[in-house]
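> for reference, the sequence and a predicted model appear below.
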Amino acid sequence: MSGWPIVVIALSTAVMALAVLGVLLGTLGAFRQMAALAARLTHVLETFERDANPAIESVRRTADEASRVMQTVGDEVRGLSATSHQVRKRVERTTASLEDRFVEFDTLLDVLHDELEDTVLDVAALLRTTRRGTGLLRGVRRVFGRRR
């Protein structure tokens, strides 16, 4: 084979080789950019990790402290509830006791009133009797006093 087909084949082969070389160079450039981007991304992630770790640790400590505070508040609320329950029971017992004592006191006042009323009536009756007796004695004195 000689002539122009060999030249065309050689030129085609050269163009294809150049095209493959161009694609290869383009791919190498893309890989280089991807490597640079990966290095930058790694640097950003390392910086983020370095900067974020204290914040994450602080959030963890805050969450732990909040959990402890919630536990303490829950314990206090339960304690206050128990105390309130005990106080309420004491108030109920005291109220019942006071009601019983007021009933007893009312009964005592009724008895005292009745006794006082009876005593006043007895004293009034005694005074009437004494007045009648005094009146009789005066009459007797008058009768006997005139004879002397």
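Good, I have the coordinates.

> now whichever strand or helix holds Ala52, how far from the centre of its chain.
Per DSSP states H and E, Ala52 falls inside helix 4-147. In terms of CA atoms, centre = their mean, to the nearest Å, the gap separating the centre of helix 4-147 from the centre of its chain is 1 Å.

> show me what it is packed up against.
Using 3 or more CB pairs under 8 Å, 6 or more residues apart in numbering; DSSP states H and E as the contact test, no helix or strand touches helix 4-147. Quick note: C-beta positions are derived from backbone N, CA and C, even for glycine.

> show me the shaky parts of the chain.
1-2, 133, 135-137, 139-140, 145-148 (pLDDT under 70).

> what's the burial count for Glu115?
10 (other CB atoms under 10 Å).

> going forward, begin numbering at 10 instead of 1
Okay, residue one is now 10; in that scheme the one you just asked about reads as Glu124.

> now do it against Arg110, distance only.
Note on Glu124: its distance to Arg110, by CB to CB, to the nearest Å, is 20 Å.

> and if you look at Leu20?
127 Å.

> what of Ala75?
For Ala75 relative to Arg110 (CB to CB), the value is 51 Å.

> ok, now Ser93?
Taken as CB to CB, the span from Ser93 to Arg110 is 25 Å.
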